[in-house]
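K.L.:
all I have is the shape, not the residue letters:
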């Protein structure tokens, strides 16, 4: 590594250390009476079945569905094929 390249790397590294220390200091500030942790959003409102029947011609668009699809599927019911076969 040439001397010129080492100097450039040193300047960039020093600049990054300054930025990181500023970020660390700003993240350390807390408001009195509040815990220093991530804020949680409110509870999510889930649509309740029965859902309206909807049909789209192929290819459909998920954005056009109302209510929009949920991928965590809170109302999903398994088939029950393994019920009673798994150890408790």
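P.N.:
Good, I have the coordinates. Only a predicted model underlies this, so the values are computations on that prediction, with no experimental measurement involved.
K.L.:
what's near enough to touch residue 25?
P.N.:
For residue 25, no contacting residues are found, by CB atoms under 8 Å, 6 or more residues apart in numbering. (Glycine included, C-beta is placed from N, CA and C.)
K.L.:
residue 67 now?
P.N.:
Residues near residue 67 by CB under 8 Å, 6+ apart: 47, 51.
K.L.:
so what pLDDT did it get?
P.N.:
As predicted, residue 67 sits at a pLDDT of 79.
K.L.:
what's the answer for the one 5 residues further on, then?
P.N.:
pLDDT recorded at residue 72 is 71.
K.L.:
mind listing residues that contact stretch 49-63?
P.N.:
Outside stretch 49-63, the residues touching it (CB under 8 Å, 6+ apart) are 64, 65, 66, 67, 68, 69, 75.
K.L.:
ends of that stretch, how far apart?
P.N.:
Using CA to CA, to the nearest Å, one end of stretch 49-63 lies 19 Å from the other.
K.L.:
now do the buried residues in it.
P.N.:
Judged by neighbour count using 16 or more other CB atoms under 10 Å, stretch 49-63 contains no buried positions.
K.L.:
neighbours of residue 87, how many?
P.N.:
Residue 87: 3 surrounding residues under other CB atoms under 10 Å.
K.L.:
now do the helix or strand where residue 21 lies, average pLDDT.
P.N.:
Element membership for residue 21 (DSSP states H and E) is helix 3-28. If you average the pLDDT over helix 3-28, you get 85.
K.L.:
for that helix, what is the distance to the chain centroid?
P.N.:
Between the centre of helix 3-28 and the centre of its chain there are 29 Å (CA atoms, centre = their mean, to the nearest Å).
K.L.:
can you check stretch 61-75 too?
P.N.:
The chain centroid and the centroid of stretch 61-75 are separated by 17 Å under CA atoms, centre = their mean.
K.L.:
all good on my end, thank you.
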